[in-house]
Structure formats: C-alpha cells, structure tokens
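Chemist: Give the three-dimensional model of this entry:
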Amino acid sequence: MPERASDEGSFLVTLYTGSRWNAGTTAEVFLQLIGQYGRSKFRCLWHQPSPAFQRGSIDCFLITTKKKLGDISSFKIRLNNDGKSPTWFLSRAEVEDMSTRKSVHHLCTDLLIKSVFFLLQKSLHQKRCKKPQNSQQIGKTGDLD
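Modeler: Got it, this is the predicted structure:
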C-alpha cells in the first residue's frame, strides 16, 4: 500500500466540496496531517488541469508518510490563491488510517481563503468506506520539498 517501500504510514483522505454556488476552487490545495507522533509534510493534492475540488465533488487521495503518525488529531489546508476562483468551500473531510482502519472526520461550514487548521473528531464507529459513486478521482500526492 505505501508509495515507497520505506513509507510506514498510509492514509486515505476524502474531501467533500460543498454544493453551493462557487464552492469549487481553481487554486492548488495543500494538506498536512497531524498525529500523536508527528506530522506529515505539506502535500500538493491537485494541479491544473485536473478536475478536482469542483462544486459537489468528492475527491480521495492516498497520503503516505515516512514515519507512522499515530492517531490523526488535526490537519492543515493551504491554498495558493491562484486562478479565477481561488476560494474553496470544504464541506467535510475524512481521514482513514489504512493500517488500523480508524477514521476521523470534520464538518466544515466556512469558505477557505488561504490557510486553515482543522481539529478532527473521532468517528463513533469504525467502518469500511464505500467508494462513492460520483467520486472523481483517487490520486497519489507528492512531497513539497
């Protein structure tokens, strides 16, 4: 499952863009996971011309880390503010540790502009995520070095 043989952590991140008018973004989206043992590097989740983060979309990404992060407690999102529609309405986010199947989620009600920090809530029950029927993509992320 890890992208590189030396990677120890593996997470499925599912991001839900809201369905209200202008909810999608043309900006590049960067994500950092924060866990009990450390944090990942910021990862670029999307580059033009990929159709990610459009209004009403569900986008899934496999994030691998060199070290185990432990239970994920929060994450940070950064936008580069490029394009005609640089803001983004993130409706909700889910992060699942692929080795333990523990998942955490966050409901969001704000329009994202530049950089945002989110505290995640543990799911009341663990469940295996079904692939959404209208999911646009599952992408691997690259390091931002």
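
Chemist: any low-confidence regions in the chain?
Modeler: 1-6, 47-48, 114-145 (pLDDT under 70).

Chemist: Strands of that one, residue ranges please.
Modeler: For the chain, strands defined by DSSP state E occupy the ranges 9-17, 29-35, 38-39, 43-44, 58-65, 72-79, 88-97, 103-107, 111-112, 115-119, 121-122, 137-140, 142-143.

Chemist: can these go into a markdown table with extra columns for distance to residue 23 and mean neighbour count?
Modeler: Just so you know, the C-beta spots here come from the backbone N, C-alpha and C atoms, and that holds for glycine as well. Listed next are the strands of the chain as a markdown table, based on distance: least, CB to CB, whole Å; neighbours: other CB atoms under 10 Å:
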| stretch | distance to residue 23 | mean neighbour count |
| --- | --- | --- |
| strand 9-17 | 5 | 21 |
| strand 29-35 | 13 | 21 |
| strand 38-39 | 28 | 16 |
| strand 43-44 | 20 | 18 |
| strand 58-65 | 12 | 20 |
| strand 72-79 | 13 | 20 |
| strand 88-97 | 4 | 20 |
| strand 103-107 | 15 | 17 |
| strand 111-112 | 8 | 17 |
| strand 115-119 | 15 | 13 |
| strand 121-122 | 22 | 12 |
| strand 137-140 | 17 | 13 |
| strand 142-143 | 25 | 12 |
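
Chemist: Adding distance to residue 50 as columns, could you present those in a markdown table?
Modeler: Formatted as a markdown table, the strands of the chain follow (distance: least, CB to CB, whole Å):
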| stretch | distance to residue 50 |
| --- | --- |
| strand 9-17 | 13 |
| strand 29-35 | 11 |
| strand 38-39 | 25 |
| strand 43-44 | 11 |
| strand 58-65 | 9 |
| strand 72-79 | 15 |
| strand 88-97 | 14 |
| strand 103-107 | 23 |
| strand 111-112 | 18 |
| strand 115-119 | 21 |
| strand 121-122 | 29 |
| strand 137-140 | 7 |
| strand 142-143 | 13 |
